[in-house]
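A.B. asks: sharing a model prediction with you, sequence too.
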2 protein chains.
Amino acid sequence: MNKLLIVGSVAFDAIETPFGKTDKILGGAGTYIGLASSFFKVKSAIVSVVGEDFPQEHIDLFTNRGIDVSAIEVVKGGKTFFWKGRYHNDLNSRDTLETQLNVLGDFQPKVPQNFKDADVVMLGNLHPLVQISVLDQMEKAPKLVVLDTMNFWMDCALPELKEVIKRVDVITVNDEEARQLTGEYSLVKAAAKIHEMGPEYVVIKKGEHGALLFHDKQVFFAPALPLEEVFDPTGAGDTFAGGFAGYIAQSENLSFKNMKNAIIYGSTLASFCVEQFGTQRMEDVSKEEVIDRLQQFKALTQFDISLDLKNEEE
Amino acid sequence: MNKLLIVGSVAFDAIETPFGKTDKILGGAGTYIGLASSFFKVKSAIVSVVGEDFPQEHIDLFTNRGIDVSAIEVVKGGKTFFWKGRYHNDLNSRDTLETQLNVLGDFQPKVPQNFKDADVVMLGNLHPLVQISVLDQMEKAPKLVVLDTMNFWMDCALPELKEVIKRVDVITVNDEEARQLTGEYSLVKAAAKIHEMGPEYVVIKKGEHGALLFHDKQVFFAPALPLEEVFDPTGAGDTFAGGFAGYIAQSENLSFKNMKNAIIYGSTLASFCVEQFGTQRMEDVSKEEVIDRLQQFKALTQFDISLDLKNEEE
């Protein structure tokens, strides 16, 4: 089985949406990526850090899904990273109410020896220096490195971010981040500029408006599944990235055609993530439900057109 | 050949975008719908009204494309409808700077005798009473009636708008209009409510984010083609509607499967419309270019996925 190395936060979130609010619940990019990738036939490990306040049941959740947790460091006397946020009524934007970096502040990622030859590396949203450190520890060049990042690092660690961008094959950012990173409003132009920065594949996430995959002159688009209600968008982007990386790691096929499928798997898993608070839905969704929703994606997007227009002399 | 009856404004627009501005140029919903539908094997007529100031060359443009102009009334001493608008930097919103209703203020549409048995009726954006009057003049029930409308009529003629909505098979509105009409933020819920108002098919246009087609429990999504630059969005929605109606009129097939194709044709034609000011691009685009762009739409959206997930016991 292929190996997928994941680096990302394992954390507590407290979330407010128009539909309700939560106390401290399980969150973090590494968490969502791990859960999403666990739907695929891969051997995965999460590199992360938590405090002593982190419950064993959350660790058990990963273990039960076959995820190697040996590289989730537990800092004695430390407290786990905590984020508190409130979504606006349209769920497309949010305010951060509180961020406690805690043990994540001094995080020195340690790649386990048996994952230093991982086939795919998924760098979840974290400080670019942490992401670079993970790449530096690899003993064998991974077949594919996927990077997720966000505007925060563009604001406060742009040179380091550009360093890591140079070293990855796939980058996932949202539309506003792609614009911020390049100064281009047009996503086609923004993707071309990001491509020049290093990544062969540029994925631009547009939230409820879907995701675009750019590669050379090729472009593929996957919509988000139209849902009656988006309940909590937290983790949707990470779940998308985890589904993408998990599928690619399983299939060992780096063609553009297969990247399309990875995008569809990522979108499918993300469509579950937003249906309940936090990781709740991702914890109970079954393989059958995923396959059923993939069929919905096909029905949503696939057509069989005949090219039939008037001849110009008619 | 099937008959397509179009009602809609034939007008002058003056447009400002971040890329430049125009003097009075050819515009109007009826104009864009007519041009788009002229790519298909249909016999079409535009019911509209213009003033004496309307140049013969614009009328000739329609005639040269095989569009029956006998129901475009020319009011002696009258002035043609004029709209002036300025788009914001993101091109997703605009301000109306000036509206001169002119001859459109007393418009009494007259359906030509030989189109009172039209197969498809495309009601372009106009006062709902004008749209109703057209339907009342039909002597044979059309196979399909398509309605385009906008928020303006929801604000000032809602009861009349609801009357016409009751009588159509397909409605096209944008996302904000769907929300305004139903009070539902979720487009899935909004479409269900609009469906209850009458139309079997509900098309929700999301501009650069594509379009959704709802029918019973089925939904289809077509993205907008990602373009390097949107130059002028004026008429894109009308071009979409005209491509949709033109294709349906040509194909005589009212299945959901075929409606999908109509959406793709509409999106394809709209993707040309926005490339230059006003009708400029729609006047010079060739059949070959349309077919080439349909292929781009296929590449953008079509995938061939294998359903391959970990078994839960693995």
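C.D. replies: Alright, I've got the coordinates. What you see is a predicted model, and the numbers here were worked out from it, not measured in a lab. Numbers count the residues shown, from 1 in each chain, chains lettered A, B, ... in the order given.
A.B. asks: make it CA atoms for all contacts and neighbour counts henceforth
C.D. replies: Noted.
A.B. asks: wait, what's in contact with A:D13?
C.D. replies: Shown in contact with A:D13 (CA atoms under 8 Å, 6 or more residues apart in numbering or on different chains): A:23-28, A:82-85, A:278.
A.B. asks: cool, A:F54 as well?
C.D. replies: A:F54 touches A:79-80, counting by CA under 8 Å, 6+ apart.
A.B. asks: list the contacts of A:V145.
C.D. replies: Contacts for A:V145 were tallied using CA under 8 Å, 6+ apart; they are A:120-123, A:167-170.
A.B. asks: next one: A:V7
C.D. replies: A:30, A:46-48, A:109, A:122-124, A:131, A:134.
A.B. asks: who wins on neighbours among the residues you listed?
C.D. replies: The residue in the contacts of A:V7 with the most neighbours, by other CA atoms under 10 Å in any protein chain shown, is A:L123 (31 neighbours).
A.B. asks: what helix or strand is A:K257 on?
C.D. replies: Taking DSSP states H and E as the criterion, A:K257 maps to helix A:256-273.
A.B. asks: pretty sure A:T182 contacts A:A192?
C.D. replies: No - judged on CA atoms under 8 Å, A:T182 makes no contact with A:A192 at a distance of 9.3 Å.
A.B. asks: spell out which residues of chain A are next to chain B.
C.D. replies: A:38-41, A:90, A:185-189, A:209, A:219-223, A:226-229, A:257, A:260-261, A:287, A:291, A:294, A:299-305, A:307-312 (CA under 8 Å from any CA of the partner chain).
A.B. asks: for chain B, what is the nearest residue in the stretch 101-250 of chain A?
C.D. replies: A:F220 (4.3 Å; CA to the nearest CA).
A.B. asks: pretty sure that residue is in a strand, no?
C.D. replies: Yes - according to DSSP: H, G, I helix; E, B strand; the rest coil, the state of A:F220 is that of a strand.
A.B. asks: give me the number of neighbouring residues for it.
C.D. replies: The local packing of A:F220 (other CA under 10 Å) involves 25 other residues.
A.B. asks: model confidence for it, exactly?
C.D. replies: Here the pLDDT value assigned to A:F220 is 98.
A.B. asks: ok, A:R65 next?
C.D. replies: pLDDT, A:R65: 96.
A.B. asks: quick check: it touching A:A36?
C.D. replies: No - at 10.2 Å, A:R65 does not count as touching A:A36 under the criterion of CA under 8 Å.
A.B. asks: the two: which is more packed in?
C.D. replies: A:A36 (27 against 18).
A.B. asks: neighbouring contacts of the helix or strand encompassing the more buried one?
C.D. replies: A:A36 is located in helix A:29-37, with elements delineated by DSSP H and E. If you take CA under 8 Å, 6+ apart as the criterion, helix A:29-37 is touched by A:6-11, A:44-48, A:62, A:65, A:67, A:124-125, A:235, A:238-247, A:269, A:279, A:282-283.
A.B. asks: what is the burial count for the closest residue in space to A:L181 that isn't next to it in sequence?
C.D. replies: With CA to CA, 6 or more residues apart in numbering or on different chains as the criterion, A:L181 has its nearest non-adjacent residue at 6.9 Å, and that residue is A:M154. For A:M154, the count of nearby residues is 17 (other CA under 10 Å).
A.B. asks: ok so A:M154 is a helix residue?
C.D. replies: Yes - checked against three-state DSSP, A:M154 lies within a helix.
A.B. asks: ok, it - contacts?
C.D. replies: The contact partners of A:M154, by CA under 8 Å, 6+ apart, come to A:161, A:180-181.
A.B. asks: measure the closest residue to A:I263 other than its chain neighbours to B:V202 for me?
C.D. replies: Excluding its sequence neighbours, the residue lying closest to A:I263 (CA to CA, 6+ apart) is A:F244, at 5.7 Å. Distance of A:F244 to B:V202, given as CA to CA, to the nearest Å: 32 Å.
A.B. asks: same question, A:F40
C.D. replies: 37 Å.
A.B. asks: and these two? Which one has more around it.
C.D. replies: Using other CA under 10 Å as the criterion, A:F40 and B:V202 rank with B:V202 on top: 27 against 24.
A.B. asks: distance of the residue nearest to A:K79 when sequence neighbours are not counted from A:V10?
C.D. replies: Once flanking residues are discounted, A:K79 sits nearest to A:G51: 4.1 Å by CA to CA, 6+ apart. A:G51 sits at a distance of 10 Å from A:V10 (criterion: CA to CA).
A.B. asks: overlap in contacts, the two.
C.D. replies: Shared contacts of A:G51 and A:V10 (CA under 8 Å, 6+ apart): A:80-81.
A.B. asks: which one of those two has more residues nearby?
C.D. replies: Taking neighbours as other CA under 10 Å, A:G51 and A:V10 compare with A:V10 leading, 28 against 20.
A.B. asks: contact partners for that one?
C.D. replies: Contacts of A:V10 by CA under 8 Å, 6+ apart are A:26-31, A:48-50, A:80-81.
A.B. asks: widest-spaced pair of the contacts of A:D13?
C.D. replies: Distances among the contacts of A:D13 were taken as CA to CA; the most separated pair is A:D23 and A:G28, at 14.8 Å.
A.B. asks: the two: which is more packed in?
C.D. replies: More crowded of A:D23 and A:G28, by other CA under 10 Å: A:G28, with 26 against 11.
A.B. asks: surely the more buried one and A:S9 touch.
C.D. replies: Yes - counting by CA under 8 Å, A:G28 does reach A:S9; the two are 4.7 Å apart.
A.B. asks: next SSE downstream of the helix holding A:A36?
C.D. replies: Downstream of helix A:29-37 (by DSSP H and E), the next one is strand A:42-51.
A.B. asks: mind checking the pLDDT average for that following strand?
C.D. replies: For strand A:42-51, the per-residue pLDDT averages 98.
A.B. asks: by contact count, what packs against it?
C.D. replies: Under the contact definition 3 or more CA pairs under 8 Å, 6 or more residues apart in numbering or on different chains; DSSP states H and E, strand A:42-51 sits against strand A:2-7, helix A:29-37, strand A:67-68, strand A:72-75, helix A:236-251.
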